[in-house]
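[1] Show me the folded form of this:
(chains A, B and C)
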Amino acid sequence: MSEKLLEIRDLSVHFNTFEGVARVLDGVCLTLYEGEVLGLIGESGSGKTVTGLTVLRLLPISAKVVSGSVYFHDDNLLVLPEYKLRDIRGGGISLVFQEPGTSLNPVAKVGDQLMDVLKLHQQIGDNNAVRAKAMELLEAVNMPRPSLVMSQYPHQLSAGMQQRVAIAMAIASNPELLIADEPTSSLDVTVGKRILELMIYLKEKRTISSLLFITHSFGIISEICDRVAAMYAGNIVEYGDVYTMLHKCCHPYTKGLINSVLDIDKKRSELKPMKGTIPRLINPPSGCGFHPRCPERMDKCPVEKPNLNPIAKNHFVACHAYEK
Amino acid sequence: MVYLYSDLDKNNPLLVIEGLVQYFPRRGIKRREDKIMFAVDNVNLSVFKSETLGLVGESGSGKTTLGRTILRLLEPKSGAIYFRGQDIVHLNSKQMRMLRVKMQMVFQNPHSSLNPRMTAGQTIGRPLKVFGRAKKSEISDRVKNALQMVGLIPDDCSKYPHEFSGGQRQRIGIARAIVLNPEFLILDEPTSALDVSVQAQILNLLSGLKEQFELTYLFISHDLGVVRHICDRIAVMYKGQLLEIAKTEELLENASHPYTKVLIASVPRITQKPRQKRIPRCAPRTIQLDGAEMDSKCKFYSRCEFRKEECKQKELHLVEIENGHKVRCHLYE
Amino acid sequence: MLTCSLTLFIPTLTLELGTNSMFKFITQAIKRSLRRSKLARFSTGYLILLLVIIIFGPYLAPSDPLALDLEHTVQPPSMEYPFGTDGMGRCILSRIIYGARLTSLAGFVAILVGMTVGIPLGLISGYCRGKIDTVIMMGMETLMGFPYLLLVIVLITMLGPSLPNAMVAIGIWIMPYYTRLARASALSIKEQEFIEAARMSGESNFSIILRYIFPNSISPIIVWSTIYYARAILMAAGLGFLGLGAQPPIPEWGAMTAIGREYIFVAPHVLFFPSIIILLTALSFNIWGDLLRDILDPRLRGME
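    Next up, the predicted model:
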């Protein structure tokens, strides 16, 4: 049994907005083990991106962690002093964002940016040695003509190459965990596939140990993840290993979501979409957040919020209809 | 649901495009007329009545530009567009406005395709007012009718866009497009900015409307999964060129053009067997040349594993390899 | 013709765009200002006081602003004359109270003149681009290139010194700023999809500018108007001081400072009171301009 790398316990995060307090995360519990790829799937407003940002305490000022803890090995990241957290950011845990164009500094050359990251986390004295290491990083991400790219600015690169640079910066110090927040959503399909291949390759080569992959695409989850957790309105509603989640899921939301997915291999048939829309987080529904739209709603649902209960080995559901 | 594509309609296309060319001139000091990047490079296409034709491509393929050029939101640089047999490229603006009643567009981004300062009712009612299609007293009824047809309630007509969700805003955009009873709709990635669950609702709505009003759709998208579900035929574009066109099932099972094959293989899909991961360990990549695209006739040359020297010089055309299945590649000449 | 239709449209559209949302917005702005800083609280209080004075002026003034009291000229503040009297024995407080109406009106008319010509030109310039854009912006930039005092003085000299002429002259000076503002808005709004959708709905260019671009450019216009208003008031006062605006005995604040200048060493209060009032008014409007800008900016981002 692998060791626990990251454990999120009962995390609740609130955002202050004009119209009131939005409960973006409402008691999220998640465990990530060493050497696995965990997928986090959800639609907009589910809280998946905020979960990733909270791990590294990269939330905006209007956000407040109301309760819960995030354990990385034995440290609670939420209470760690700033200087220790800075070591972990980029060192133990790294983040890759959705838009490569905005996650790179547009007025600094790629080589300089890579060297800056290296100098921050590793004690390499000599400038030439740092430069050589930066070149190695670009080769590690399969960048064509790394020596030319080192002296280019981000806008001179294509989107796919920019994302590779972002990944190179993220893996510069061999982090144990790489959190990827929809890294291929703004890329073309053919380019995105290469990026996914690269990430798995890096994991297999042990450059990184684990991968937390945040996405809205079941296809990607199916192709690269070991386990997957589904989120809805700030809660984890179901999680388990990938095959179970894709073909034997229980939670009504997960089922509805899978039925709405238009997979390229799926034959044309009647689409049965879910009723209703995602709730507003300012005044979320009472009890279970999905109850207004749920086809399997029971009397208990608006009253009591369900906890994650094990249904089978490695399969947990938060639903009253599936409690043992 | 029955999807109609009858061979009898082959001689009766609603829309025919011949040799359409669109490019954007480079502004500024360096106005080099010789090395232009064509957004739409000599495209020939027919759309038949009551079909849904999918237009797929990645960014830079020119599919969006093609859609806008067909409706003359951008003026074509050369080529011909025939709607119901009538040449529309040379119509003056007044005649074109009249034609807009028959040809409408649904836009991609629900957050920027509605005027934030107009209520839903006003947005939907403007086309009626401008085209004089209804008397003042009738407009309100027709607007409420349109709202109901897209799944909203008549009371919503006095609300502003920011009071609606993304999916609802897209419905308003669709209502605006159909309120004039058009024949032909160009849908420019109508579900790309929506969540998966909302996407399913909107696609069902579009299918329903198509049946109810006997519409013809040109469905532009980058998502092959969506296109497979809703389209009768699929056309594949790359860097302004139309590379392959076929019926949906035929294209997905017997993709012929190298690019189409790469595209289909790259789409993430849900695997059926447990523990079967499809991503291999960094498969060997075709070495990508660059700068070559500008000069070569086939734009896919630099990424193609079947490339030959003649691909750079030879002007290729769509060749029919099977009934209705056309490809543009030297492999099938 | 364009200007006329736009002058009609500004008030109607503003009403149409929801007096309800305007009210909500203003009350929210007031609440925010109270939280922000002492200075912000002071400005809000001052502006409310000013509003009261403008509305209820005649009832609040202790004496007639034009009444001469030659026996009590240049008197320091007393019970009878709370702000003292000026060189002709007129009550300074009453003159300031009546002057509030004049000065605020002057500022308002000036920016109105600037708006009605400047905004349509800016919108057309931004939307149409090309030669029209170049010509209009060349004209505006030429106008902006003049040192403002020089420009206004030249205009007044041509029109003759009086308060209405001052308002027109200041309006002409303010105009290019509105043009630039409107043009910037038009440029960015033009790229949005709903403009293309409007063309698909058959709208003419004129209609698009009027119904689609103009209503969406109003936010920055409102914000900057408070700041331009402050500038206009200062300009009007400045002109009054130079004797080119309101002519005495009109109780305009700037004209009052001109009178007060003579007595600066003898009876400084004659200069002090109108000057301080001008300062406070301009300052308060500037602070409110900042406040509005801060409110509208993040809000726009939050809307999406």
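[2] Which positions in the helix or strand encompassing residue C:258 come out as buried?
    Here residue C:258 sits within helix C:253-262, counting by DSSP states H and E. Under the neighbour-count criterion of 16 or more other CB atoms under 10 Å in any protein chain shown, helix C:253-262 has C:253-260 buried. In this view, the C-beta of every residue, glycine as well, is placed from N, C-alpha and C.
[3] What is the burial count for residue B:232?
    Number of residues near residue B:232 (other CB atoms under 10 Å in any protein chain shown) recorded here: 18.
[4] what about it, distance to chain C?
    24 Å (CB to the nearest CB, to the nearest Å).
[5] who in chain C is up against chain B?
    Contact residues (CB under 8 Å from any CB of the partner chain) of chain C with chain B: C:17, C:192-194, C:196-203, C:207, C:211-212, C:215-216, C:303-304.
[6] what's the following helix or strand after the lengthiest helix in chain C?
    Assignment by DSSP state H gives helix C:92-128 as the longest helix of chain C. Downstream of helix C:92-128, the first helix or strand assigned by DSSP H and E is helix C:130-145.
[7] Give me the residues contacting that next one.
    C:121-122, C:124-126, C:151, C:172-173, C:175-177, C:179-180, C:183 (CB atoms under 8 Å, 6 or more residues apart in numbering or on different chains).
[8] if you set the cut-off to 6 Å instead, what comes out?
    Residues from elsewhere that reach helix C:130-145, judged by CB atoms under 6 Å, 6 or more residues apart in numbering or on different chains: C:121, C:125, C:176, C:179.
[9] cool, stretch B:120-135 as well?
    By CB under 6 Å, 6+ apart, stretch B:120-135 touches B:101, B:114, B:139, B:142-143, B:146, B:156-157, B:159, B:172, B:175-176, B:179-180, C:201-203.
[10] returning to that earlier point: can you name every helix or strand that the longest helix of chain C contacts?
    helix C:2-16, helix C:38-60, helix C:130-145, helix C:163-190, helix C:218-242 (3 or more CB pairs under 6 Å, 6 or more residues apart in numbering or on different chains; DSSP states H and E).
[11] So which residues of chain A form strands?
    Taking DSSP state E as the criterion, chain A carries its strands at A:4-17, A:20-33, A:37-41, A:63-72, A:75-76, A:93-96, A:177-181, A:210-215, A:227-232, A:235-241, A:309-312, A:315-317.
[12] quick one on the thing from earlier: would you list the buried entries among the residues of chain C next to chain B?
    Among the residues of chain C next to chain B, those scoring as buried are C:192-194, C:196-203, C:211-212, C:215-216 (criterion: 16+ other CB under 10 Å).
[13] Looking at the residues you listed, which are in helices?
    Reading helices off those with DSSP H, I get C:193-194, C:196-200, C:215-216.
[14] closest to residue A:20 among the residues you listed?
    Distance to residue A:20, by CB to CB, is smallest for residue C:216 among those, at 26.6 Å.
[15] tell me the contacts of residue B:202?
    B:170, B:191.
[16] tell me the secondary structure for it?
    helix (DSSP: H, G, I helix; E, B strand; the rest coil).
[17] Return the distance of it relative to residue B:209.
    Distance, residue B:202 to residue B:209, by CB to CB, to the nearest Å: 10 Å.
[18] Next: residue A:249.
    Residue A:249 is 32 Å from residue B:209, by CB to CB.
[19] Output the set of residues of the stretch 51-200 of chain B in proximity to chain C.
    Neighbours of chain C within the stretch 51-200 of chain B, by CB under 6 Å from any CB of the partner chain: B:73, B:97, B:100, B:105, B:107, B:109, B:111-115, B:117, B:126-127, B:130-131, B:162.
[20] What sits closest to the closest residue to chain B within the stretch 151-300 of chain A if chain neighbours are left out?
    Chain B sits closest to residue A:219 of the stretch 151-300 of chain A, with a gap of 3.1 Å, by CB to the nearest CB. Using CB to CB, 6 or more residues apart in numbering or on different chains and skipping residues adjacent in sequence, the residue nearest residue A:219 is residue B:268, 3.1 Å away.
[21] Can you report phi and psi for that neighbour?
    Here is the backbone geometry of residue B:268 (degrees, to the nearest 10): phi -70, psi 130.
[22] any idea how far it is from residue A:264?
    Residue B:268 sits 9 Å away from residue A:264, taking CB to CB as the criterion.
[23] Could you check which of these two is surrounded by more residues?
    Of the pair residue B:268 and residue A:264, residue B:268 is the one with more neighbours under other CB under 10 Å, namely 24 against 18.
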